[in-house]
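Quick check, what structure comes out for this input:
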Amino acid sequence: MLDIDRRSALAIGFAGLSGLVLPEQAAAQTYGPNEGKELTQGVRQIDLGERESLIPAYKKVHLRDIVLQPGAKTPDNAMMNDMLCHMTEGELAVVQNDKQFTVKKGDVWTCAKGITTEGTQNKGNAVAIMRIIDLLTT
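Modelled structure (predicted):
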């Protein structure tokens, strides 16, 4: 019986240890230099999925990643739809309606159709990935 208890303790220990290792496996996906479509030099868009929405104000939701190489930037753009943004990797300098702020890994922010103008720049030395959930009315 003592051997079974030792084995059980060892198994439980490994199971607990795997809990410490698994979060690393859930890290943001990385992309090759030619994946998705190029929006501008050093900026690529990878479309991840689209589905009909259960939120009455929106017909569909669309998920995409914007990958910015170090030094790359997006021009100021008027937002064509409401959206939620999340930094999955790196950090970006953001100018939104003349307000400047920096978003880092894990930060979230929003943009509103017809209200928000936004431009971004990766001023860091690592790739930055901005995940966007587009909330679409059409």
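
can you list contacts of whatever helix or strand Val61 lives in?
Taking DSSP states H and E as the criterion, Val61 maps to strand 60-68. Residues outside strand 60-68 that contact it (CB atoms under 8 Å, 6 or more residues apart in numbering) are 29, 31, 35-36, 39, 42-53, 55, 74, 88, 90, 92, 120-122, 127-136, 138. To be clear about C-beta, it is placed using only N, CA and C from the backbone, and glycine gets the same treatment.

cool, stretch 85-103 as well?
By CB under 8 Å, 6+ apart, stretch 85-103 touches 28, 30, 65, 68, 76, 104-111, 115-124, 126-133.

Pull up the distance across that stretch, start to finish.
By CA to CA, to the nearest Å, the extent of stretch 85-103 from end to end equals 10 Å.

Could you measure from the closest residue to Glu52 other than its chain neighbours over to Leu54?
Of all residues not flanking Glu52 in the chain, Lys60 sits nearest, at 5.7 Å (CB to CB, 6 or more residues apart in numbering). Distance, Lys60 to Leu54, by CB to CB, to the nearest Å: 11 Å.

So for these two, which residue has more residues nearby?
Set side by side, Lys60 and Leu54 show more neighbours around Lys60, with 14 against 7, by other CB atoms under 10 Å.

what's across from the residue nearest to Glu52 in the sheet?
Glu52, Leu136 (DSSP bridges).

And it, how far from Gly42?
29 Å.

repeat for Lys99
With CB to CB as the criterion, Lys99 and Gly42 are 24 Å apart.

gap between stretch 115-127 and the chain center?
13 Å (CA atoms, centre = their mean, to the nearest Å).

Between its first and last residues, what's the separation in it?
For stretch 115-127, the end-to-end distance is 28 Å (CA to CA).

Report the mean per-residue pLDDT for it.
Stretch 115-127 carries an average pLDDT of 96.

Now do it: everything it contacts.
30, 42, 66-79, 89-97, 111, 128, 130.
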